[in-house]
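>>> would you be able to build a 3D model of this:
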Amino acid sequence: MFATGSENLGPYQWRILARRIEELTADSEVDGVVVTHGTDTLEEAAFFLDLVCKPKKPVVLTAAMRPSTALSADGPANIFQAVLAATSPQLQSHGLLVVMNGLVIPGWQIIKTDSVALDSFHAYPGGPIGKIVGESLLLFGSPNLSPLVGRFHNHLRNDDELPFVDIVLLRAGCGDQPLADFEGNACKGLVVAGFGGGTMPDNLNRIVAETANSGCTVVVSSRVSKVTVLAETMTPVKSKKVFPSGLLNPQKSALLLSLALDANLDALEISELFNVFVIQ
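Sure, this is the predicted structure:
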């Protein structure tokens, strides 16, 4: 559908893709759908599609870490395994999946942990639900559906651009500089990729509170690869519009927050969205 690298894709293109997935899976002659996607934004695409789609058939995303011209290109094997998964009766009720490097992973859990290795994609939280060996699919357990699967299906009915949510990444010694010029920014939402369990410098904490109290909803995530940010681990912020991201990394947090703002959810409803990934 889009002859471009996935670094050029975002919610606008993914909404078009989601609509096409809905059309195809409603077709009686279609048993399943395989989507090839670039690896740069694969985890965000899978998370977005899981949030907006209610497909009636299996949907499997796959990609390749090596170009087709490289030695031992992984694309052909990944496509074969994705088709095998999409047509398997064993995966009829497992929701949107990602198949990469022989692993079968729930789409909402996929994260990229390496820039170049073949085994760049893993599941977090949890692990893969199966693997493919040759032409055999081996399952490890019951379906692990996202607690928010299809929660924003109504988003497919409009053409409005999603509210922009910015992300600021903290580094040692940054002080309040990441948000020093944020006043007057048009963002309706902000994700802070904090340290560890969601800590931030004292001066920045004050600005985050002021930003939230001025009308911008703020989610605190972490810059580490496997995120856990809870109310008890993050730096306390004096605002009812600042929430921990739970188990979601900054990029997934930004997508969820953007869809929540688009749906005009209030502060309590937004906080509950992030909380469901912790309490299941």
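
>>> only C-alpha atoms from now on, for both contacts and neighbour counts.
Fine.

>>> give the buried residues for stretch 19-37.
By 16 or more other Cα atoms under 10 Å, the buried positions in stretch 19-37 come out as 19, 21-22, 24-25, 31-37.

>>> neighbouring contacts of that stretch?
If you take Cα atoms under 8 Å, 6 or more residues apart in numbering as the criterion, stretch 19-37 is touched by 6, 53-63, 79, 82-83, 86-87, 156.

>>> which members of the residues you listed are positioned in helices?
Residues of those located in helices (DSSP state H): 79, 82-83, 86.

>>> how about these in JSON lines, adding neighbour count and distance to I167?
JSON lines is the format used below for the ones in helices among the contacts of stretch 19-37 (neighbours: other Cα atoms under 10 Å; distance: Cα to Cα, whole Å):
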{"residue": "I79", "neighbour count": "21", "distance to I167": "33"}
{"residue": "A82", "neighbour count": "29", "distance to I167": "32"}
{"residue": "V83", "neighbour count": "20", "distance to I167": "35"}
{"residue": "A86", "neighbour count": "24", "distance to I167": "34"}
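
>>> for V208, state which of the residues you listed is nearest.
Nearest to V208 out of these is A82 (Cα to Cα; 43.0 Å).

>>> residues contacting the nearest residue to the closest one once chain neighbours are set aside?
Excluding the flanking residues, the one nearest A82 by Cα to Cα, 6 or more residues apart in numbering is V99, at 5.5 Å. Neighbouring residues of V99 by Cα under 8 Å, 6+ apart: 60-62, 78, 81-82, 85, 105.

>>> just L169 next, same as before
For L169, the contact set (Cα under 8 Å, 6+ apart) comprises 178, 192-194, 223.

>>> what's the closest of those to V165?
Nearest member of those to V165, counting by Cα to Cα, is V192, at 10.5 Å.

>>> the closest one touches P250, doesn't it?
Yes. Counting by Cα atoms under 8 Å, V192 touches P250, with 7.3 Å between them.

>>> secondary structure element holding F2?
Per DSSP states H and E, F2 falls between elements, in no helix or strand.

>>> which residues are common contacts for V192 and P250?
Listed as contacting both V192 and P250 by Cα under 8 Å, 6+ apart are 167, 221-222.

>>> helices - which of the buried residues of stretch 19-37 land there?
Using DSSP H, these in helices are 19, 21-22, 24-25.

>>> so which of the contacts of L169 is the closest to P236?
G194 (12.4 Å).

>>> so, low pLDDT: which residues of the stretch 151-280 of the chain?
Counting by pLDDT under 70, the stretch 151-280 of the chain contains low-confidence residues at 183-184, 279-280.

>>> would you map the helices across it?
Counting by DSSP state H, counting those that start in this stretch, the stretch 151-280 of the chain has helices at residues 202-213, 250-262, 267-275.

>>> switch those helices over to a markdown table; also include distance to W14 and mean neighbour count.
Listed next are the helices of the stretch 151-280 of the chain as a markdown table, based on distance: least, Cα to Cα, whole Å; neighbours: other Cα atoms under 10 Å:
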| stretch | distance to W14 | mean neighbour count |
| --- | --- | --- |
| helix 202-213 | 29 | 18 |
| helix 250-262 | 12 | 23 |
| helix 267-275 | 21 | 17 |
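
>>> for P67, which of those helices is the nearest?
The minimum distance between P67 and the helices of the stretch 151-280 of the chain falls on helix 250-262, with 25.1 Å, by Cα to Cα.

>>> I appreciate the help and will end here.
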